[in-house]
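Peer 1: Output the structure for:
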Amino acid sequence: MAVRPYPRLAGFAPCLLFLCVSQTPAQNPPNSPEMATRDATPTFTTRSNLVLVRVVVRDKQGNVNGTLHKEDFEIFDKGKPQFISKFAVEKTEGRKADAVASEDAPVKSGEPAPPPLPDRYIAYVFDDLNLSIGDLAQARTAAERQLSEGIPATTRAAVYTTSGQTMLDFTDDVAKLRDALSRIRSQTLLQGISSDCPHVSFYWADLIQNKNDPQALNAATREAMACASLDPTMISAAQSMARAAATRTVNIGEQNTRVTLKLLNDIVRRISSMPGQRSVILVSPGFLVFDDERVDEVDLMDRAIRNNVTISGLDARGLYVLVPGGDASEAGGSLSTLIQRSQYQSVAATVQGDVLGELADGTGGAWFHNRNDLAEGFKRLAVAPEYYYVLGFSPETLKFDGSYHGLKVSIKKPAGVGLTLQARRGYYAPKHEVDAAQEAKREIEETLFSREEWHDIPVELHTQFFKSTDVNAKLSIVARVDVRQLHFRKTDGRNLDVLTCVAGIFDRNGNYIGAVEKTVEMRLKDDTLAGKLTSGITVRSAFDVTPGSYFVRIVVRDAEGQKMAALNGSVEIP
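Peer 2: Numbers count the residues shown, from 1 in each chain. Next up is the predicted model:
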């Protein structure tokens, strides 16, 4: 059986998933059957224009606080207080689900026990489009040093590069991870920017190209005259060279930013399908994000917040020290040119690095910078904060104009005494109203990726497998629902409720294999319901598989009571 890659929005979530989603029972005639099972498409209540804010709170010693309540927080949107309509305290400690022994196929003495369930996924993203050769080498060495210590049995890691030249999906094979790291190379020389005359940085080029800064253009013109050894009378030619260099640099820089944000979005989407704690570590010197890309950056943070993914930044430059006027390859020009270039370098270094801070603050991650012990940085960033808060609000009188809204989150006194918090800095208003159908489709996708456990409804999970040959097996997933906790609606002498169920499979690394959906409509007579109160309702799904390790998840939700149950498990088929 081949493992299929995670689909964008087709099918179901990558897991052995049993998802029961709320629906409204159909108005069937009185003589309709008491129970009917049919296929259906999950539906969810959409949340139009809900802004989510993830907050990490620490005390004076840096310890994470998880004891605050909704009434302890305040949110200001453009300085105006907002009503907090959604509040949750999330604990990021990975859940370890024990394997559930099959009733019909119990584990016998000498048979292999089910494998430990992965509960932490880490995606290492190396920004080879912006990392210099030296900085990339140091970061790669630090990452290899961390991996040399091994990774826990319940951890899976992946390696990505922003250029796409090196990609390794999630695995626990340390040899493969180290091999992927060894193949990463800086792509900065291949872009040809450093060979330009004049050589202007992305930040400097933006001042010339997009902001029409005359001082920046004059400095680049002087740079062109120096590097091309032009006669003072050829100032017009030097200016043309400066503009051309700025145009090339901006085009390449903007493309790199778009590629980086798209890759990060795809990685968040990919890791969102994984069970347990989810972390992305971006190894980068930082990069510029212009107004045109700000919406993509905010969308990235929104997706990460909704899917419990933290994005942390590791500044691979370490303790960054500017060389006045640049390195040896950039030497030359007058004293005033060197001073101007140094000023642009200093501002650019701050602005670029701040993007890593924005992503970390917005998603509950951390930003490791101005330190040379990169191995310690990798170690710290691999672990998400133990607790974080998710606050949600719907902005009052929101205008669909695409404008930026600065956010401020604070803790009321006395609860906030001695506490510091980390939260996203703002968001962009949509340019049009949210399409309800598209929003529902998005929420269906993201809800299917959930790995949380709930116990509002008593549910038992059992697995059974039957091997027809040495290479073929039938895996059955059985969910037994205790209906005593369900809320039935009485209509025409019948007790109505609906369970909509989806089933799917993960391999040992959390990769998607397959999925099934079922909906159980109940129109039970009183005496039938009385019997079900004792026996419960059983829903079964079957999969054709090959021997191996699989992970199981069931989620059950009823329509009338809006209650949820979710369980995780695993099974080993020898």
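
Peer 1: I'd like the domain boundaries of the protein, if you could list them.
Peer 2: In terms of domains, the chain is parsed into 17-46+441-573, 51-92+389-433, 120-192+217-381 (source: automatic domain parsing).

Peer 1: Just put those domains in a markdown table and tack on distance to residue 210.
Peer 2: Placement of C-beta: from N, CA and C, glycine included. Shown next, in a markdown table, are those (distance: least, Cβ to Cβ, whole Å):
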| stretch | distance to residue 210 |
| --- | --- |
| domain 17-46+441-573 | 32 |
| domain 51-92+389-433 | 17 |
| domain 120-192+217-381 | 7 |
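
Peer 1: Of these, which is nearest residue 206?
Peer 2: For the domains of the chain, proximity to residue 206 was assessed by Cβ to Cβ; domain 120-192+217-381 is nearest, at 6.0 Å.

Peer 1: The domains of the chain: lowest mean pLDDT?
Peer 2: Among the domains of the chain, domain 17-46+441-573 carries the lowest mean pLDDT, at a mean of 74.

Peer 1: Run the chain-centre distance for that one.
Peer 2: Domain 17-46+441-573 sits 27 Å away from the centroid of its parent chain (Cα atoms, centre = their mean, to the nearest Å).

Peer 1: go on, stretch 155-168?
Peer 2: Distance, stretch centre to chain centre, for stretch 155-168: 15 Å (Cα atoms, centre = their mean).

Peer 1: tell me which residues of it are tucked away?
Peer 2: 155, 156, 157, 158, 159, 160, 161, 162, 163, 166, 168 (16 or more other Cβ atoms under 10 Å).

Peer 1: May I see the buried residues of stretch 470-485?
Peer 2: If you call a residue buried by 16+ other Cβ under 10 Å, then stretch 470-485 has these buried ones: 473, 475, 476, 477, 478, 479, 480, 481, 482, 483.

Peer 1: quick one: what helix or strand has the fourth one in it?
Peer 2: Residue 477 belongs to strand 473-481 when assigned by DSSP states H and E.

Peer 1: Contacts for that strand next, please.
Peer 2: By Cβ atoms under 8 Å, 6 or more residues apart in numbering, the surrounding residues in contact with strand 473-481 are 16, 18, 457-468, 499, 501, 503, 505, 536-547, 550, 552, 554, 556, 565, 571, 573.

Peer 1: go on, stretch 242-255?
Peer 2: 191-193, 196-202, 204-206, 208-210, 217, 220-221, 223-224, 287-288, 290, 292-293.

Peer 1: can you confirm residue 271 is in a helix?
Peer 2: Yes. The assignment for residue 271 is a helix, going by DSSP: H, G, I helix; E, B strand; the rest coil.

Peer 1: Numbering from 54 from now on, please.
Peer 2: With 54 as the first residue, the last one maps to residue 324.

Peer 1: got the end-to-end distance for stretch 177-187?
Peer 2: 18 Å (Cα to Cα, to the nearest Å).

Peer 1: From the chain's centroid, how far away is that stretch?
Peer 2: 20 Å.

Peer 1: tell me which residues in that stretch are buried?
Peer 2: Going by neighbour count (16+ other Cβ under 10 Å), the buried part of stretch 177-187 is 177, 178, 179, 180, 181, 182, 183, 184, 185.

Peer 1: what's the closest non-adjacent residue to residue 410?
Peer 2: Closest residue to residue 410 apart from its sequence neighbours, by Cβ to Cβ, 6 or more residues apart in numbering: residue 420 at 4.7 Å.

Peer 1: what about the one you found, how many neighbours?
Peer 2: Residue 420 sits with 24 neighbouring residues when counted by other Cβ atoms under 10 Å.

Peer 1: Quick one: residues contacting it.
Peer 2: Contacts of residue 420 by Cβ under 8 Å, 6+ apart are 365, 366, 368, 409, 410, 413, 414.

Peer 1: Out of these, flag the one nearest to residue 396.
Peer 2: Lowest distance from residue 396 to the contacts of residue 420 (Cβ to Cβ) belongs to residue 368, with 20.4 Å.

Peer 1: if I look at the nearest residue to the closest one once chain neighbours are set aside, how far off is residue 367?
Peer 2: What sits nearest to residue 368 in space, not counting adjacent residues and going by Cβ to Cβ, 6+ apart, is residue 422, at 3.7 Å. According to Cβ to Cβ, to the nearest Å, residue 422 and residue 367 sit 8 Å apart.

Peer 1: What of residue 569?
Peer 2: Relative to residue 367, residue 569 is positioned 41 Å away (Cβ to Cβ).

Peer 1: Point to the residue nearest the middle of the protein.
Peer 2: residue 321 (3.2 Å; Cα atoms, centre = their mean).

Peer 1: Touching, that residue and residue 333? I think so.
Peer 2: Yes. Contact criterion Cβ atoms under 8 Å: residue 321 and residue 333 qualify, at 6.6 Å.

Peer 1: Would you check how far apart residue 476 and residue 442 are?
Peer 2: According to Cβ to Cβ, residue 476 and residue 442 sit 9 Å apart.

Peer 1: who touches residue 365 in this structure?
Peer 2: 332, 333, 334, 335, 413, 418, 419, 420, 421, 434.

Peer 1: That one: which element?
Peer 2: Using DSSP H and E, the element containing residue 365 is strand 362-368.

Peer 1: pull the CA atoms of that strand into PDB?
Peer 2: Extracted in PDB, the C-alpha atoms of strand 362-368 (Å, rounded to 0.1, in the frame of the first residue of the first chain):
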ATOM      1  CA  VAL A 362       1.400  25.700  15.000                       C
ATOM      2  CA  THR A 363       4.200  27.800  16.500                       C
ATOM      3  CA  ILE A 364       6.700  29.600  14.200                       C
ATOM      4  CA  SER A 365      10.100  30.400  15.800                       C
ATOM      5  CA  GLY A 366      13.000  32.300  14.300                       C
ATOM      6  CA  LEU A 367      16.700  31.600  14.600                       C
ATOM      7  CA  ASP A 368      18.900  34.400  13.400                       C
END
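
Peer 1: Wait, a strand at residue 313?
Peer 2: No. Counting by three-state DSSP, residue 313 falls outside a strand, being helix.

Peer 1: Setting aside sequence neighbours, what's the nearest residue to it?
Peer 2: residue 215 (4.7 Å).

Peer 1: That neighbour against residue 180, yeah?
Peer 2: Yes. Taking Cβ under 8 Å as the definition, residue 215 is a contact partner of residue 180 at 4.9 Å.
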